[in-house]
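Enquirer: sequence-free structure coming up:
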């Protein structure tokens, strides 16, 4: 990813060439479209990670709550 | 007409957040029924413990952090299951629900006619004093629920329910916040639980209206449901 970015920064016309072959007007536009797609993936991945974290937090808080309640009602 | 044995094995689960003003009254209204009461304090800044002390009919559980009504319900259900409960009732902490409706909710369970009984304010024996906007949102909510669950119920969002052990075991609430109501209905369909709707009163008081869910919350619930459908 980093090498691709570096290549495109130093050889901007390369993006134009690739863009034209894909039917996109400008190299810069191509970069934008790719970025948007990458953002979607990242956002979705982050959301799934957050859901997993939420589940972990819930499990910990719940376990702790139930343990305390069990202790109170046993002793 | 009450049977005391089943009622000792009936647990009323009350998820509560910041309800120090109303929880005392709600618990007092429920005690005469003879069921056991489980108050799940969902991380209230002021602990509700004091309102629930000194009575061995009441169990107090506290989440150290606020997780949401759905999470609090699941914790309460887990606790009741461990205590060997046979019947489970979910009841709101803000005084919207009436203890008088509980026998009618339990009857189909005791008679083995249903696994879960859902209260509805729109049925014949039900009553409500919701403002028109809320009514419209609820009525639209019925269709959205149908979209997400495949079940069309007359009250899209009622926290008053009764269920037996089979239902309590099969239902697993993963939606911590307000989308849990729809999630429960979805699981009723998926697990093929026998369900019934029974009329019950839902009365908004100035107190609960102040606290209650804004209409925008319906949008939040909708998004939670969509996200759950897409990403689980």
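Expert: That came through, no problem. Everything quoted here is computed from the prediction, not taken from an experiment.

Enquirer: In chain A, which residue sits closest to chain B?
Expert: residue A:69 (4.5 Å; Cβ to the nearest Cβ). Yep, even glycine has a C-beta here, placed from its N, CA and C like the rest.

Enquirer: Helices of the chain, residue ranges please.
Expert: Reading this off chain A. Using DSSP state H, the helices of chain A run over A:2-10, A:12-22, A:27-74.

Enquirer: Please refer instead to chain B.
Expert: Using DSSP H, helices in chain B cover B:4-8, B:23-30, B:49-52, B:69-82, B:102-110, B:132-149, B:165-170, B:180-190, B:206-211, B:215-231.

Enquirer: What residues does chain B have near chain A?
Expert: Residues of chain B lying close to chain A by Cβ under 8 Å from any Cβ of the partner chain are B:40, B:59-65, B:67, B:71, B:74-75, B:78-79, B:82, B:174, B:176, B:227, B:231-232.

Enquirer: How much space separates residue B:97 from chain A?
Expert: 23 Å (Cβ to the nearest Cβ, to the nearest Å).

Enquirer: likewise residue B:223?
Expert: 11 Å.

Enquirer: Also residue B:17?
Expert: Where chain A is concerned, residue B:17 sits at a distance of 13 Å (Cβ to the nearest Cβ).

Enquirer: next one: residue B:125
Expert: For residue B:125 relative to chain A (Cβ to the nearest Cβ), the value is 35 Å.

Enquirer: Please work out the average pLDDT along stretch B:68-84.
Expert: Across stretch B:68-84, pLDDT averages out at 96.

Enquirer: Can you give the contact residues for it?
Expert: By Cβ atoms under 8 Å, 6 or more residues apart in numbering or on different chains, the residues outside stretch B:68-84 that reach it are A:58, A:61-62, A:65-66, A:69-70, B:9, B:11, B:13-17, B:36, B:38, B:40, B:42, B:59, B:61, B:63, B:88, B:90, B:159, B:165, B:168-169, B:171-180, B:183.

Enquirer: Go ahead and build a ChimeraX selection from the buried members of these.
Expert: To isolate the buried subset of those in ChimeraX, counting by 16 or more other Cβ atoms under 10 Å in any protein chain shown, use the following:
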select /A:58,61,62,65,66,69 /B:9,11,13,14,15,16,17,36,38,40,42,59,61,63,88,90,159,165,168,171,173,174,175,176,177,178,179,180,183
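
Enquirer: Mark which of the residues of chain B next to chain A are buried, thanks.
Expert: B:40, B:59-63, B:67, B:71, B:74-75, B:78-79, B:174, B:176.

Enquirer: which of the residues in the helix or strand of chain A with the lowest mean pLDDT are buried?
Expert: None of the helices or strands of chain A scores lower by mean pLDDT, DSSP states H and E than helix A:12-22, at a mean of 80. Under the neighbour-count criterion of 16+ other Cβ under 10 Å, helix A:12-22 has A:15, A:16, A:19 buried.
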